[in-house]
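> my questions concern the predicted model and sequence given below.
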Amino acid sequence: MTTTELQDYVPEEEWPPVSTMLDGFGAQTLPASPALAATIVSFQAADGTPSEYNFLTPSTLTWTEGTASGTAAYKAIEARPGIFIIDFVRGKDADAENVTVIFDQSTGAITAAVSGFVRSDGKVRGHTDFTHSNTSGQPTVHQRSADLVGKRIFYRYSDIESYEHIYLNQGTFTWHCVRGGEAGLADTDRCMTWAVAEDLYIFFWTEQVMTVEAVLLIDLREQRSIGRMFGWDNPSAEPVTLPFNSRLTVLNTTSYPQDTHKH
């Protein structure tokens, strides 16, 4: 029997805390890139708010957003030549924010995702704000994409953690833990996808049950994903950052019959 044939529905009250995933996912195996060191990246949000990232060293940056600024440790991974996914965390406890930036040097297109927490009905919930801009002032920005719709993709995050995603439409997907700390857990959540390059996509999802905000790059050509989950661990009452990369396999692509209008 396969693992999934042994699994059954898991009620929400029996779900483990977010921190359960920490051990199984392990550390990112892709190396940090020093390529951005001694460079400055600046851009404007749609409302004119300026942002700037000054990469002082291969691992330290200063950030400015409007009137706010600070220093943080960062990691930049060069997902493809000249295309970077950059991550850093600022603030502490419930005020912590995980900033993930996808930057394409060849086009200047940049997407900044800032995930944070809010209290709602006595619970800590997550939210993510996106800024799509261009560092060279060009009109090119990352655009929403429907390219993943219909695909079922299997992700191996480590030797002990495997999930599958089923992309239902542009704003909804189903995830299912095939093996690992969340084995048998599944849900259907909100998501968004943007195209970066051929077969390379920014993917975002936010979870209803656990407080999890995920931002990643899905690379169908290189058959991997790179990104992070940012969540709130209720038992310890603290933020959890889970950087990951996975090996992926496209299991199938669903296309609907063309006779749906017939009785």
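Arrived safely, thanks for sending. Numbers count the residues shown, from 1 in each chain.

> could you pull out the helices for the protein?
Secondary structure of the chain (DSSP state H): helices at 3-6, 20-25.

> want to throw those helices into TSV with distance to Asn54?
All C-beta spots, glycine's among them, are computed from the backbone N, C-alpha and C. Output for the helices of the chain, formatted as TSV (distance: least, C-beta to C-beta, whole Å):
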stretch	distance to Asn54
helix 3-6	47
helix 20-25	30
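
> pick the most buried one from the ones you listed.
helix 20-25 (a mean of 17; mean count of other C-beta atoms under 10 Å).

> ok, Glu226 - contacts?
That one is not Glu; residue 226 is Ile. 28, 30, 77, 79, 85, 216-217, 219, 244-245 (C-beta atoms under 8 Å, 6 or more residues apart in numbering).

> no no, Asp259
Taking C-beta under 8 Å, 6+ apart as the criterion, Asp259 is in contact with no other residue.

> cool, and Gly231?
Counting by C-beta under 8 Å, 6+ apart, Gly231 has contacts 18, 126, 210-213, 239-240, 242.

> swap in 10 Å and give it another go.
By C-beta atoms under 10 Å, 6 or more residues apart in numbering, the residues touching Gly231 are 17-19, 21, 98, 115, 117, 124, 126, 207, 210-214, 239-242.

> so what's Ser225 bridging to?
As for beta bridges, Ser225 partners with Ile218, Ser246 under DSSP bridges.

> and the helices of the chain as CSV, adding mean pLDDT?
Putting the helices of the chain into CSV (pLDDT from 0 to 100) gives the following:
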stretch, mean pLDDT
helix 3-6, 82
helix 20-25, 79
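
> among the contacts of Ile226, which ones are in strands?
77, 79, 85, 216-217, 219, 244-245 (DSSP state E).

> in a markdown table, list these along with pLDDT.
As requested, these are exported to a markdown table (pLDDT from 0 to 100):
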| residue | pLDDT |
| --- | --- |
| Ile77 | 98 |
| Ala79 | 98 |
| Ile85 | 98 |
| Leu216 | 98 |
| Leu217 | 98 |
| Asp219 | 98 |
| Phe244 | 94 |
| Asn245 | 95 |
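
> shouldn't Ala195 be in contact with Tyr201?
Yes: using C-beta atoms under 10 Å, Ala195 is in contact with Tyr201, at 5.9 Å.

> counting neighbours, go ahead and name the busier of these two.
Tyr201 (20 against 17; other C-beta atoms under 10 Å).

> pLDDT wise, what is the more buried one at?
pLDDT for Tyr201: 98.

> quick check: closest non-adjacent residue to it.
Excluding the flanking residues, the one nearest Tyr201 by C-beta to C-beta, 6 or more residues apart in numbering is Ile218, at 4.8 Å.

> and the gap between the one you found and Ala72?
According to C-beta to C-beta, to the nearest Å, Ile218 stands 25 Å off from Ala72.

> more neighbours: which of those two?
Ile218 (26 against 17).

> list the contacts for the more buried one?
Going by C-beta under 10 Å, 6+ apart, the list of residues near Ile218 reads 147-148, 151, 153, 155, 165, 167, 193, 196, 199-203, 224-227, 246, 248.
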